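Asker: When you get a sec, could you give me coordinates for this:
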Amino acid sequence: MPIDSADTVQVPAGSWTFDVSVGGSEHGVPVLLLHGFPQTEECFDQVRERLHEAGLRTIAPRQRGYSPGARPVGVDQYTMKHLAEDAARILDALEVPYAHVVGHGLGATVAWHFAAAYPLRAMSLTAVSFGHPSAFGDAMANDQDQRQRSRYLELFLRSGEAEKALLANDARTLLATAPGGGIDALADEPTLTAALNWYRANLAPGGEGLDCPVIEVPTTLVWGTRDAIAGAAQAKGTAHYLRADYRLSEVPEGDHWLPLRAPAALASEIALRTLRN
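Answerer: Numbering: from 1, shown residues only. This is a model prediction of the structure:
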């Protein structure tokens, strides 16, 4: 019988230990939920409740840099290769051979890279807000609208300066960047630096985060038509990087924070993927 709550367990994976929320039916089909910046796995709370009601099992790690036991020092420790490998090792530790994979925001980029690196372990992919990394890179290079939306990166890539700006006035600027979802967990400099290292390792000039192979896993991109961060060009361009069943699901009037703003619509898309694949 499905349960509504989730338990947080300590999961050793490689050299690190991750805080992972696991919930739903013990025998349910597993769904791996990967958060982005600046939220933690708490951003999926309302989505998880609905997935549990559908009989699914959810696995939501607090990812590298966010978990106290998985916070290495150094920008090079936060490449997409490391982040995708963490997800695979967490599944290994939980004895889960494969799962439906969901990622939001920068966590969607991790999910895309996971699907590329471990296609036999991803039963499906549901990317939320951020399309295929190479489509996003194309938009950054060729679409003025996307470049304007991504101007925040100029600050995030400045080590020290970004931390100072975001944590000023009792972290009010940081707390205003997103609607909750565990954002308060970043309100100290070491944790915030680790989280910002995702950007510095992958989206700085020369970073490899936007270089991702074509995906051969059944995929849905859920994108809000009023997303202020990820524009239409990257969403529309994602289809060029799929060699499998693909669906673009647009959420009318939806913004970037769909797990919190539109949890029912998102849960329905995830559940639909688990039924189709």
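Asker: Would you map the helices across the stretch 51-200 of the chain?
Answerer: Secondary structure of the stretch 51-200 of the chain by DSSP state H, counting those that start in this stretch: the helices cover 80-93, 106-117, 133-142, 144-149, 152-156, 161-175, 189-202.
Asker: can you pull the contacts of the spatially most central residue of the chain?
Answerer: By Cα atoms, centre = their mean, the mean C-alpha position of the chain lies nearest to residue 107, the distance being 1.6 Å. Residues in contact with residue 107 (Cβ atoms under 8 Å, 6 or more residues apart in numbering) are 34, 35, 36, 63. For the C-beta atoms, the positions are set from N, CA and C on the backbone; glycine is no exception.
Asker: Pick out whichever of the residues you listed sits closest to residue 148.
Answerer: Minimum separation from residue 148 among the contacts of residue 107 (Cβ to Cβ) is found for residue 36, which lies at 20.1 Å.
Asker: wait, that closest one sits on residue 112?
Answerer: No: contact between residue 36 and residue 112 fails when scored by Cβ atoms under 8 Å: they sit 11.9 Å apart.
Asker: Of these two, which one has the most company?
Answerer: Under the criterion of other Cβ atoms under 10 Å, the comparison of residue 36 against residue 112 puts residue 112 first, with 33 against 27.
Asker: What's the ChimeraX syntax to select whichever of the contacts of residue 107 are buried?
Answerer: Buried residues within the contacts of residue 107, by 16 or more other Cβ atoms under 10 Å, are selected in ChimeraX with:
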select :34,35,36,63
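Asker: Which pair of the contacts of residue 107 spans the longest distance?
Answerer: Most distant of the contacts of residue 107, by Cβ to Cβ, are 36 and 63, 8.9 Å apart.
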